[in-house]
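Colleague: Turn this into a structure:
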Amino acid sequence: MCGRFNVTDDPYMHALLDSLGVDLGQLPIRVGNDIAPTETVSIVVSNGKETVLKEACWWLLMHHEDGRIRPLTKYASFNTRSDKLNVQGSAGFDAFRQTRCIIPASGFVETQQGNAYAMDPVGSAIAFGGLFRRWIDGTTGEEVLSCSIVTLPPHPKIAPYHAKSMPLILPPDPDIQRKWLASTAVNVGELEALLSPQLPLPLKVTPIEKASKRNPIGESVLLAAD
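Modeller: Numbering: from 1, shown residues only. Prediction:
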């Protein structure tokens, strides 16, 4: 995943959040047509009793700089590879077991050999499987959240557009999505099936000018769901 996604405040996004039990009175969520790493995004988390929307920095590893919590850009951590989730000591090991989240999206961008492609779901929003961590800002004393999107080896249908990886797109099944959120109540072994390349939603793929500009420059192709 190249590191760009967008969020649209539309009926599909409302339906996703409603299915997760998020109080729709908390909308609008953070909306953007070009959300990039280190920017603030909206994530869905569970506190054990309810699911809520929180704001988080799209960069899992943070550090103290001049008394403030800021992204540790020495290491790219806006994505977390699935093959690192069970490596003890890795950035995502504890988060995978204790603080999983869902990152809602309306679409994302992949790149391959200098070409960029908008990947948009058909008739739904996307629930990215994500991780988050909590930090305390030394200046304000406030809690700061950071997050990353779990990435998988590419699905054969995605590989022509990005041969390295693809984001974990959770199936549009509220029970599965809630299980992902139930961090402390679920053994991670129950989630292993989700960590194999899959395409649970149909995606419309459109060539665009570049990752930061979604101007179409070619015909769209439909990738059918598995």
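
Colleague: State the distance from the nearest residue to residue 165 once chain neighbours are set aside to residue 129.
Modeller: Counting by CB to CB, 6 or more residues apart in numbering, residue 151 is the residue found nearest to residue 165 once chain neighbours are left out, at 4.2 Å. From N, CA and C alone the C-beta is placed, and that goes for glycine too. Separation of residue 151 from residue 129 (CB to CB, to the nearest Å): 10 Å.

Colleague: more crowded one of these two?
Modeller: Neighbours around residue 151 and residue 129, counted as other CB atoms under 10 Å, are more numerous at residue 129. The numbers are 26 against 22.

Colleague: a strand runs through the residue nearest to residue 165, doesn't it?
Modeller: Yes - the assignment for residue 151 by DSSP: H, G, I helix; E, B strand; the rest coil puts it in a strand.

Colleague: got the contact list for it?
Modeller: Going by CB atoms under 8 Å, 6 or more residues apart in numbering, residue 151 touches 1, 79-82, 165-168.

Colleague: mind checking which helix or strand residue 109 is in?
Modeller: Under the criterion of DSSP states H and E, residue 109 resides in strand 107-112.

Colleague: Got the confidence number for the residue nearest to residue 165?
Modeller: Predicted confidence (pLDDT) for residue 151: 97.

Colleague: before we move on, what about residue 32?
Modeller: The score at residue 32 is 62. That number is its pLDDT.

Colleague: Can you add secondary structure and give the contacts of residue 151 back as CSV?
Modeller: Converted to CSV, these look like this (three-state DSSP):
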residue, secondary structure
1, coil
79, strand
80, strand
81, strand
82, helix
165, coil
166, strand
167, strand
168, coil
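
Colleague: List only those of the residues you listed flagged as buried.
Modeller: Neighbour-count burial (16 or more other CB atoms under 10 Å) applied to the contacts of residue 151 gives 1, 79-82, 165-168.

Colleague: what's the farthest-apart pair in those residues?
Modeller: 80 and 166 (13.3 Å; CB to CB).

Colleague: hang on, the earlier thing: nearest to residue 202 among the contacts of residue 151?
Modeller: For the contacts of residue 151, the nearest to residue 202 is residue 166 (14.6 Å; CB to CB).

Colleague: Show me what the residue nearest to residue 165 is bridged to.
Modeller: Beta-bridge pairing for residue 151 (DSSP bridges): residue 81, residue 167.

Colleague: Distance of it relative to residue 223?
Modeller: From residue 151 over to residue 223 the distance is 18 Å, taken as CB to CB.

Colleague: Find the residues that touch each one of residue 151 and residue 129.
Modeller: 167-168.

Colleague: for the chain, what spans make up the helices?
Modeller: With helices called from DSSP state H, the chain shows them at 11-19, 93-98, 174-181.

Colleague: looking at these, which is closest to residue 118?
Modeller: Set against residue 118 and scored by CB to CB, the helices of the chain come closest in helix 11-19, at 15.6 Å.

Colleague: Buried residues in that closest one, which are they?
Modeller: Neighbour-count burial for helix 11-19 [16+ other CB under 10 Å]: 12-13, 16-17, 19.

Colleague: Closest one of the residues you listed to residue 62?
Modeller: For the buried residues of helix 11-19, the nearest to residue 62 is residue 17 (26.0 Å; CB to CB).

Colleague: Okay, now the unreliable bits of the chain?
Modeller: Across the chain, the ranges flagged by pLDDT under 70 are 1, 25-33.

Colleague: which non-adjacent residue is nearest residue 40?
Modeller: Nearest to residue 40 is residue 55, by CB to CB, 6+ apart, at 5.3 Å.
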